[in-house]
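A.B. asks: coordinates only, sequence not included:
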């Protein structure tokens, strides 16, 4: 039988004022201040508490200070639905930061633990989709089909968050490069 | 999972990534092709947003800034349905909107446009679709405004709209415009989309039948999210 799907509604840029609808307090709006969206996993969530932070740079090496990122991941046992959060790059420092727990390996899936990141900003007509893997998961990463599909180790390295400890907190640094040298791998899923 | 994946995005139907006439695209988009991946369990799942998080006035931008007074401007109601590509309703979809005020100014720390701030207008709203995928919100029609592109280009009146469906793979942020606006055809952001039929999907249609007499005009804007591919057995004529 013939199946003719409808066309998807086309995307448009989220623009420079995306915060108004997604992170109002960043826009200077004093509504919904009870929402702390950059904390993805609630305080009582099981697992290792971590921070994921980094910058977003454009093809000229400039900081993208108006981006909004969304994080989506399995919980620490690899279960879904897991945790979702949203953070903006800081207007001055360009830094975004999520607090969450380290995800587990999803049962039955071949993937190493990862978080999905979507990126929205002025100039992005359709959001960009990437993943951050964990530098301390070397064996799982070596077997991960996505990292294998990337091929070139230098490109695969753009998907690995570097682990460090800062003031007793575990931080994964994940800088995103939109274009040019060190360009992050982005996906079409 | 292969028989339950979502349809692949038709990237030619969506706007092109780098379109020099919309200057912001030039340095902000990757130069390498996107890497095609099979859809994972994570892409199939989605955060669930319940009614509990919504304020009773979240869908009413004329009143929801909380001053107790009403926003200034042409009053409108926008309504429609969220469907997937198989024309099935998407219930429980979180829709977030944001927009400029009637003068074309956003209430954002970084917007310094000369239009006055409306003390009674914030410009953000939220709604959840009902069991039939329907939604509606009340607001004022946003004003057009200029932006720094080719000297000074003008954005048509538009409302930004962000949708969470049943899967993270369906995630979409877009904008809709208003039927009859001459600026639509001139806008470099609109024209990042190549196909006129695709642009028309972003134009909310005047719905005079559903106006609120002596109160507001009504516009209809339907949204289509990616469809989940049918499984073999769903393809029976009686089942699809």
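C.D. replies: Done, it's in. Since we're looking at a predicted model, the values are computed, not measured.

A.B. asks: and the residue most central in space within chain A, how far from chain B?
C.D. replies: Note on chain A: the residue nearest the mean C-alpha position is residue A:117, at 2.5 Å, using CA atoms, centre = their mean. Noted for residue A:117: a distance of 11 Å to chain B, by CB to the nearest CB, to the nearest Å. C-beta coordinates here come from the backbone N, C-alpha and C atoms, glycine included.

A.B. asks: list the buried residues in the lengthiest strand in chain A.
C.D. replies: Criterion DSSP state E: the longest strand present in chain A is strand A:49-57. By 16 or more other CB atoms under 10 Å in any protein chain shown, the buried positions in strand A:49-57 come out as A:50, A:51, A:52, A:53, A:54, A:55, A:56, A:57.

A.B. asks: same deal with stretch B:81-88?
C.D. replies: Across stretch B:81-88, burial judged by 16+ other CB under 10 Å covers B:81, B:82, B:83, B:84, B:85, B:86.

A.B. asks: show me what whatever helix or strand the first one lives in is packed against.
C.D. replies: When secondary structure is defined by DSSP states H and E, residue B:81 falls within strand B:75-84. The criterion is 3 or more CB pairs under 8 Å, 6 or more residues apart in numbering or on different chains; DSSP states H and E, and the helices and strands that strand B:75-84 contacts are strand B:134-140, strand B:217-220, strand B:223-225.

A.B. asks: report the angle between it and strand B:134-140.
C.D. replies: Angle of strand B:75-84 versus strand B:134-140, following axes from the mean of the first three to the mean of the last three CA atoms, to 10 degrees, is 150 degrees.

A.B. asks: what does strand B:75-84 contact?
C.D. replies: A:6, B:62, B:89-90, B:93, B:95, B:129, B:132-141, B:159, B:163, B:165, B:170, B:176, B:204, B:207, B:210, B:212, B:215-228 (CB atoms under 8 Å, 6 or more residues apart in numbering or on different chains).

A.B. asks: at 6 Å instead, please
C.D. replies: Contact with strand B:75-84 is made by B:89-90, B:93, B:129, B:133-134, B:136-138, B:140-141, B:216-225, B:227, as judged by CB atoms under 6 Å, 6 or more residues apart in numbering or on different chains.

A.B. asks: below-threshold pLDDT in chain A: ranges please.
C.D. replies: A:1-2, A:34 (pLDDT under 70).

A.B. asks: who's in contact with residue A:86?
C.D. replies: Neighbouring residues of residue A:86 by CB under 6 Å, 6+ apart: A:37, A:70.

A.B. asks: element containing it, please.
C.D. replies: Counting by DSSP H and E, the element that carries residue A:86 is strand A:83-88.

A.B. asks: for the lowest-mean-pLDDT helix or strand in chain B, which residues meet the burial criterion?
C.D. replies: Here the helix or strand of chain B ranked lowest by mean pLDDT, DSSP states H and E is helix B:41-44, holding a mean of 94. By neighbour count on 16+ other CB under 10 Å, the buried set for helix B:41-44 is B:42, B:43, B:44.

A.B. asks: sorry, back to before: tabulate the buried residues of stretch B:81-88 (a markdown table), appending distance to residue A:127.
C.D. replies: Output for these, formatted as a markdown table (distance: CB to CB, whole Å):
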| residue | distance to residue A:127 |
| --- | --- |
| B:81 | 23 |
| B:82 | 18 |
| B:83 | 21 |
| B:84 | 19 |
| B:85 | 19 |
| B:86 | 23 |
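
A.B. asks: closest to residue B:31 out of the residues you listed?
C.D. replies: Minimum distance to residue B:31 across the buried residues of stretch B:81-88 is 29.8 Å, recorded for residue B:85 (CB to CB).

A.B. asks: dihedrals phi and psi, the closest residue to that closest one other than its chain neighbours?
C.D. replies: Leaving aside its chain neighbours, residue B:85 sits nearest to residue B:227 (2.9 Å; criterion: CB to CB, 6 or more residues apart in numbering or on different chains). Here is the backbone geometry of residue B:227 (degrees, to the nearest 10): phi -100, psi 150.

A.B. asks: count of neighbours near residue B:227?
C.D. replies: By other CB atoms under 10 Å in any protein chain shown, the residues close to residue B:227 number 20.

A.B. asks: show me what the residue positioned nearest the centre of chain B bridges to in the sheet.
C.D. replies: Geometric centre of chain B, nearest residue: residue B:161, 2.7 Å, by CA atoms, centre = their mean. The residues listed as beta-bridge partners of residue B:161 by DSSP bridges are residue B:97, residue B:174.

A.B. asks: tell me the pLDDT of it.
C.D. replies: Residue B:161 is assigned 98 on the pLDDT scale.

A.B. asks: please apply the same query to residue B:238.
C.D. replies: If you check residue B:238, the pLDDT there is 47.

A.B. asks: for residue B:234, same thing?
C.D. replies: Reported pLDDT for residue B:234: 53.

A.B. asks: still on that earlier bit, which of the buried residues of strand A:49-57 sit farthest apart?
C.D. replies: Spatial extent of the buried residues of strand A:49-57 (CB to CB) is set by the pair A:50 and A:57 at 22.8 Å.

A.B. asks: could you pull out the strands for chain A?
C.D. replies: Here chain A has its strands, by DSSP E, at A:49-57, A:68-73, A:83-88, A:95-101, A:114-120, A:128-134, A:160-166, A:169-173, A:176-177, A:187-188.
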